[in-house]
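*Asks:* model this:
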Amino acid sequence: MPTTHDFVVHIFPSDCDSVGHVNHAQMLRLLERARWAALEKAMSYEEYEKSKLWAVVRKVEALYNAQTFPGDDLTIRTGLLSVGNTSFVVRQQALGRNGAVACDATIVYVTVSQEGKPIPVPDAWKNLFAPWIDTK
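*Replies:* Residues are numbered from 1 along each chain as shown. Down below sits the predicted model:
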């Protein structure tokens, strides 16, 4: 069985705000990059575009537990929590120094047609992300 997808990103000073740590907006960018990296394991961007269906973000919840600084390496773990009728939920954890959870996020997506109307999650999409497996 596939496990969660891990994506490692190095934090540079340009990733940080004036306080010297990764702020909320940048963390969301890093989480999105990690989701695309996980998705590419199952479907290329070209295949996604050809499907003429889209997954749009409906809701993001992000809990911040530790700061992340230049020079840190983050391991962003991504996995599928659940699939509903027209939506699915992805969980991500950004693990920083000493494996501490710097950010724990859940992202709710809704699948939509070309017309922007919610549609059932395609069967082929239900396995695009590996299932979330708690490591604790």
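*Asks:* C-alpha from now on. contacts and neighbour counts both.
*Replies:* OK.
*Asks:* pretty sure residue 6 contacts residue 79?
*Replies:* No - Residue 6 lies out of contact with residue 79 (C-alpha atoms under 8 Å); the separation is 9.2 Å.
*Asks:* now for residue 58, how many residues are close by?
*Replies:* By the measure other C-alpha atoms under 10 Å, the count of residues near residue 58 is 13.
*Asks:* is it in a helix, a strand, or coil?
*Replies:* Taken by DSSP: H, G, I helix; E, B strand; the rest coil, the conformation at residue 58 corresponds to strand.
*Asks:* please enumerate the helices of this protein.
*Replies:* Remark: helices assigned in the chain by DSSP state H are 24-39, 45-50.
*Asks:* among those, which is the most enclosed?
*Replies:* helix 24-39 (a mean of 17; mean count of other C-alpha atoms under 10 Å).
*Asks:* what pLDDT is listed against residue 129?
*Replies:* Note on residue 129: pLDDT of 87.
*Asks:* residue 6 and residue 79: who's more crowded?
*Replies:* Neighbours per residue (other C-alpha under 10 Å) separate residue 6 from residue 79, with residue 79 holding more: 25 against 20.
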